[in-house]
Structure formats: structure tokens, C-alpha cells
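Trainee: below are the sequence and a predicted model for it; my questions follow.
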Amino acid sequence: MRIQSKGFAIFSKDGHFKPHDFSRHAIGAKDVLIDIHYAGICHSDIHSAYSEWKEGIYPMIPGHEIAGVIKEVGKEVKKFKVGDVVGVGCFVNSCKTCKPCKEHQEQFCANNKTVFTYDCLDYFHDNEPHMGGYSNNIVVDEDYVISVDKNAPLEKVAPLLCAGITTYSPLKFSKVTQGTKVGVAGFGGLGMMALKYAVAMGAEVSIFARNENKKQDALNMGAKHFYSNPKECKEELDFIISTIPTNYDLKDYVKLLSYNGELALVGLPPREVAPALNVFDFINLGNRKVYGSLIGGIKETQEMMDFSIKHNIYPEIELILGKDIETAYHNLTHSKAKFRYVIDMKKSFD
Ligand code: NDP
Ligand code: ZN
Ligand code: ZN
């Protein structure tokens, strides 16, 4: 039996968010039905809703920072029971048999079967478009569900499912540790998490933000330095993570890397203004490495969740209602937002 759901959908790239009734596929043997309590607003939601990367699939219900409680389980479910607190992130299925899937990097499924949480077809359910977390419930294969301690503050857990893992993963990959000099470019939802994790790992962190008003927040969260322009920075950095969602000059940051330094790109600006590196700049700045990073696999997402809860690392959030989504999008694209908006889904349909 299909599951009746309600959410907030956008119907075209220049359209508006409206309440939308729809249905999800039935609960399969290995699926769980999750009652969604909170959904974070990631800047990727905005890029997708407005077709800034590719032509979106409409109607679209974004949201891939999902926190909630299990309401029902399929008959072969082993990891979860009704009442468990859980999270769902950027993808909800994949082939499970290819090399990347077997190596717990399901976001890179070699058979192109990663089912992203929204703006993607569900290859395992008749190619119907998958709907995201700005909704009251979701049905997900248990292998793609993250377990959350029942005492964790659930509204703050939601953003960990994307902003958390996307920043935790490259910090670990580049082996950030005690004394590493880290730069974080872009100080919004992802940038704030990168700062908190890097500080917890013992790094000395410099924040690069365009909004001077966030300087005190950065220092309060443990940053050593704050720059509103990368050209002001005179020190060398071992590792930089760029979370910037707009056009910028990437070379300004590559230049700041120390010998053997690494720069992880996670920010994905609209396609038509995406920054590029000239091959000459790249080679003349040898011994520096630049790589892209895409969220993180399920195993690492669970590790990130446990690490965050153990070290009490949570995002700064502002709770809003479903009717406020467009205002939040406006603020996030006009330098008016602070860190993470989280939609209180339970209160949004009253
Ligand atoms: P937010 O909007 O929360 O934060 C972005 C921050 O970047 C804001 O603080 C903004 O400043 C700042 N900023 C914008 N332009 C510049 C600039 N030119 N120089 C310095 N700072 C700038 O976005 P998110 O943190 O949610 O997402 C960031 C990016 O990461 C997006 O492109 C998103 O799609 C991408 N992303 C990628 C993932 C991956 O797996 N690779 C996963 C998740 C997200 P201000 O405060 O003034 O607005
Ligand atoms: Zn995201
Ligand atoms: Zn696969």
C-alpha cells in the first residue's frame, strides 16, 4: 500500500513553494517509514529548486537533512525498531554491488544507481521522482538510515546529515589533526560545521567570509583568524575547504596553501558561474593538491554522527515553518542568513 504524504513543493524553477499532497512507495521488506520531525535547509536545495545546476524535476520537494522517528518497519528490517531516532541524508539507495558501493562510498555508485533524496529518479521504484525531506514522512531502505542517540537534540541533528558529513569527510581524508593550519572559505551552514570539526580535531582555523558581521561568531566558535578577503591573509595553510556557493577566484585560495597543502572543494556554485583554475596557475603552484568531495558514504556518516554527539558538536540553527521556506531562501542568497535554517515539520502542517 502506498504511503500518503504531504510536503512543500516547488513546481517550476521560477515558481513558489506550496503545500503538496503526494504518495510514496509502499514499505518494502527492508524499508522503514520515518515520521519526519525536522528538515534542514541546505544551499543545495536552493541550487536544485531554481535549476542552477541542471533542469530540475518538478514538482520538487527538496530537503536532505532529515531527522525523525521510526513509525513502521518492513518485515526483514534488522537494524531498527519502531520509536528509534534516526536521520536520512543526501541519498536513499544505490546498487550495493559495485566497487564504490562495497567500499561504503555509495554516493559514487559505479552503476549510476545512487538515488539522491530529491531531484532524482528512484531507480528501484519504477523511476518515479524521489521526494525529499520538506515533508511529514519518508520511506527508506534501512541500509541508508543513520542511527541517532535518543538524547541528542533532534532539531540540531538534522543539518549533520549533509552539512556535517560534507565537511567532516574531507577533514578526515586530508588527515587534519593537532596543529594543522586549516582555512574555511564560506562561513554558512557548511563552513560553521567545518570550523567546529577542525577545532575539535585540534586544528588552528582561519575563516574566510564575505560578511564582517560574522567575525564574532567565528571567534566564539574557536577560529583563530577571520578574513573578509583572502588577499589579506599572509600565512600559509595546510588544508583549505571551500564551501562558497557563488562565483569567486579559486586561485586566491590555492595561493594560500603551504608546500604539499590540500584544498577540498565542496561548494558547488551555479553552473554558469562556476569558478575554474587555469592549467598554468595549477602547475606553477606545484605540490599543492586540489580535489572535490561529495558528501560521504553511509558508514562515514554514522561515524560523523557518533563523533558529533560524543563531542557535543552541533550547528547553530534557527527554527522556521514550512511557510517560511522562500524567505529563508531569499536570506540565504542575500547575505541575510546566519547559519542553518531548520524547518519544524511537525508544526508546519497545523
Ligand atoms: P550557505 O548559504 O549556508 O553558506 C554559504 C556561505 O558562503 C555564506 O555564509 C555566504 O556568505 C558565503 N559566501 C558566498 N559567497 C562568498 C564569497 N564569494 N566569498 C566568501 N564567502 C562567500 O550554504 P551551504 O553551506 O549550505 O552550502 C555551501 C555550498 O556547498 C553550496 O554550493 C552547496 O550546494 C554546496 N554543497 C556541496 C556538497 C557536497 O557534497 N560537495 C554538500 C552540501 C552542500 P553570506 O553569509 O554573506 O551569505
Ligand atoms: Zn546539502
Ligand atoms: Zn553501486
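Mentor: In hand now; what should we look at? Ligands and ions are numbered 1, 2, ... in the order given.
Trainee: and stretch 123-130, what's buried?
Mentor: 123-124, 129-130 (16 or more other CB atoms under 10 Å). Quick note: C-beta positions are derived from backbone N, CA and C, even for glycine.
Trainee: and the furthest pair within the residues you listed?
Mentor: Greatest spatial distance in the buried residues of stretch 123-130: Phe124 and Pro129, 13.1 Å, computed using CB to CB.
Trainee: hmm, back to that, now, which of the buried residues of stretch 123-130 lie within strands?
Mentor: Within those, residues falling in strands by DSSP state E are Pro129.
Trainee: tell me the residues of the stretch 51-200 of the chain that contact ligand 1?
Mentor: Listed as neighbours of ligand 1 in the stretch 51-200 of the chain under the rule CB under 6 Å from any ligand atom: 162-163, 166, 185-191.
Trainee: of the residues you listed, which is the nearest to ligand 2?
Mentor: Cys162 (3.2 Å; CB to the ion).
Trainee: so the closest one touches Ser44, yeah?
Mentor: Yes. Applying CB atoms under 8 Å, one finds Cys162 in contact with Ser44, separated by 7.2 Å.
Trainee: settle it for me: which of these two has more neighbours?
Mentor: Between Cys162 and Ser44, counted using other CB atoms under 10 Å, the more crowded position is Cys162 (30 against 26).
Trainee: any idea how far ligand 3 is from the more buried one?
Mentor: Using CB to the ion, to the nearest Å, we find Cys162 at a distance of 20 Å from ligand 3.
Trainee: mind listing what that residue touches?
Mentor: 40, 42, 44, 64-65, 89-90, 295 (CB atoms under 8 Å, 6 or more residues apart in numbering).
Trainee: which of these fall in strands?
Mentor: Judged by DSSP E, the contacts of Cys162 include Gly40 as members of strands.
Trainee: how deep is the closest residue to Thr180 other than its chain neighbours tucked in, by neighbour count?
Mentor: Residue nearest to Thr180 in three dimensions, not counting chain neighbours: Ala203, with 4.4 Å by CB to CB, 6 or more residues apart in numbering. By other CB under 10 Å, the residues close to Ala203 number 26.
Trainee: check contacts around Ala203.
Mentor: 176-182, 239.
Trainee: could I get the pLDDT score of it?
Mentor: Ala203 carries a pLDDT value of 98.
Trainee: check Ala223 too.
Mentor: 98.
Trainee: circling back: pull out the buried residues from the contacts of Ala203.
Mentor: 176, 180-182, 239.
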